[in-house]
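**Q** Here's my sequence, what's the structure:
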Amino acid sequence: MNILIANDDGVFAPGIQALAHALRPLGRVVIVAPEAERSGFSSALTLDRPLRPIQIAPDMWAVNGTPADCVYLSMNGLFDFEFDLVVSGINCGANLGDDVLYSGTVGAAFEGRLMAQPAIAVSLAGPNVRGYNDPQDFAQAAQWVHDFIAGGLPALPSRHIFNINIPDVAELKGAQVTYQGRRRQSKPITTQVDPRGRQVFWIGLSGEAVAEPKKGVFGIESDFFAVANGFVSITPIQMDATNYDILMDLHTQFSQKQ
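**A** Numbers count the residues shown, from 1 in each chain. Model (predicted):
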């Protein structure tokens with residue numbers, strides 16, 4: 001099996017190195033990742049300048065672009081072989097709820113959504129994750145991903161991916177299939193004046209999770225709930241954002257006006 005690994009934290013990030021180490025027993029692992037951190041780029045592709053992939057080690061490439069660029073290049077001519085699976089991560093920080101709209105980790109996985117196997121976005125969630133700088137800090141999460149893939153990936157419809165968040169706890173309680181939760185409105189922006197007298201702005205921090213009751217007849221919990229209680233969260237998410245619950249009603253309303 002040929003496995004492509006990308007991320008949004010950069011090619012030298014400890015999370016991607018831990019993931020590559022853990023997955024090598026499963027087949028050939030190729031890292032293609034941004035040359036520096038590109039968090040928050042979602043599925044953006046670079047269209048205004050050329051991309052320059054640089055091989056920095058065997059099966060390890062750095063790209064002067066976005067996470068989605070890395071997967072796009074890898075699947076469209078950078079290599080003379082095809083990949084069987086795309087894994088994005090391990091992100092340094094959670095990608096829960098509304099985060100998936102902005103996440104470069106999720107964006108890279110979505111770029112691999114047409115693979116024969118489901119593409120996977122993986123994040124490590126915990127209060128101290130940003131302080132990590134050693135692949136060993138991600139070892140437990142990386143091993144969990146290895147076991148998840150080795151055990152046989154559950155089938156997904158086309159254009160879907162798995163968004164996986166692994167809590168940073170001493171011992172995982174297991175895994176839960178979850179739905180995508182919601183965050184409250186982001187924290188206010190912060191404004192400052194730089195040394196040259198110009199006003200600058202910092203985007204505010206993410207809002208807190210919205211407390212929600214159990215969803216659906218099966219009592220499935222949100223991704224926030226699973227991670228907060230020590231479980232790996234496995235959420236199937238899709239590219240198609242159409243709201244089919246209201247599609248026909250809306251179609252009927254517009255048809256009557258014509």
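**Q** Dump stretch 98-117 to PDB, restricted to CA.
**A** Output in PDB follows, covering the C-alpha atoms of stretch 98-117 (Å, rounded to 0.1, in the frame of the first residue of the first chain):
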ATOM      1  CA  ASP A  98     -16.900  24.300  13.000                       C
ATOM      2  CA  ASP A  99     -13.100  24.000  12.900                       C
ATOM      3  CA  VAL A 100     -13.400  21.800   9.800                       C
ATOM      4  CA  LEU A 101     -14.400  24.800   7.700                       C
ATOM      5  CA  TYR A 102     -11.000  26.400   8.300                       C
ATOM      6  CA  SER A 103      -8.700  23.500   9.000                       C
ATOM      7  CA  GLY A 104      -5.800  22.900   6.600                       C
ATOM      8  CA  THR A 105      -5.500  19.400   8.000                       C
ATOM      9  CA  VAL A 106      -9.100  18.600   6.900                       C
ATOM     10  CA  GLY A 107      -8.600  20.500   3.700                       C
ATOM     11  CA  ALA A 108      -5.600  18.200   2.800                       C
ATOM     12  CA  ALA A 109      -7.700  15.100   3.500                       C
ATOM     13  CA  PHE A 110     -10.600  16.400   1.400                       C
ATOM     14  CA  GLU A 111      -8.200  16.800  -1.500                       C
ATOM     15  CA  GLY A 112      -7.700  13.000  -1.300                       C
ATOM     16  CA  ARG A 113     -11.400  12.300  -1.100                       C
ATOM     17  CA  LEU A 114     -11.500  10.400  -4.400                       C
ATOM     18  CA  MET A 115      -9.000   7.800  -3.300                       C
ATOM     19  CA  ALA A 116     -10.000   4.100  -3.300                       C
ATOM     20  CA  GLN A 117      -9.800   4.200   0.500                       C
END
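**Q** ok, and for it, which residues are buried?
**A** By 16 or more other C-beta atoms under 10 Å, the buried positions in stretch 98-117 come out as 98-100, 102-113, 115, 117. All C-beta atoms are positioned from the backbone trio N, CA, C, and that covers glycine.
**Q** next one: stretch 36-46
**A** R38, S39, F41, S42, S43, T46.
**Q** For the stretch 101-250 of the chain, just list every one of the strands.
**A** 119-125, 160-167, 175-177, 190-193, 199-202, 232-238 (DSSP state E, counting those that start in this stretch).
**Q** partners of the fifth one in the sheet?
**A** For strand 199-202, the paired strands and their directions (DSSP bridges) are strand 190-193 (antiparallel).
**Q** which residues of this protein score low on pLDDT?
**A** In the predicted model of the chain, residues 128, 130, 184-187, 204-218 satisfy pLDDT under 70.
**Q** so can I have TSV of the buried residues of stretch 36-46 showing secondary structure?
**A** TSV is the format used below for the buried residues of stretch 36-46 (DSSP: H, G, I helix; E, B strand; the rest coil):
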residue	secondary structure
R38	coil
S39	coil
F41	coil
S42	coil
S43	coil
T46	coil
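**Q** farthest-separated two in these?
**A** With distances taken as C-beta to C-beta, the most widely separated pair in the buried residues of stretch 36-46 is S39 and T46, at 15.6 Å.
**Q** the longest helix in the chain is where?
**A** If you go by DSSP state H, the chain has its longest helix at helix 244-257.
**Q** Pipe the buried residues of stretch 36-46 into TSV and attach distance to Y244 per row.
**A** Output for those, formatted as TSV (distance: C-beta to C-beta, whole Å):
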residue	distance to Y244
R38	33
S39	32
F41	29
S42	23
S43	22
T46	33
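**Q** Which member of the residues you listed is positioned nearest C70?
**A** R38 (9.0 Å).
**Q** Kindly list the main-chain dihedrals of the closest one?
**A** Dihedral pair for R38: phi -130, psi 50, per degrees, to the nearest 10.
**Q** May I have the beta-bridge partners of the closest residue to G89 other than its chain neighbours?
**A** Leaving aside its sequence neighbours, G89 sits nearest to V122 (C-beta to C-beta, 6 or more residues apart in numbering; 3.3 Å). Beta-bridge partners of V122, counted by DSSP bridges, are I164.
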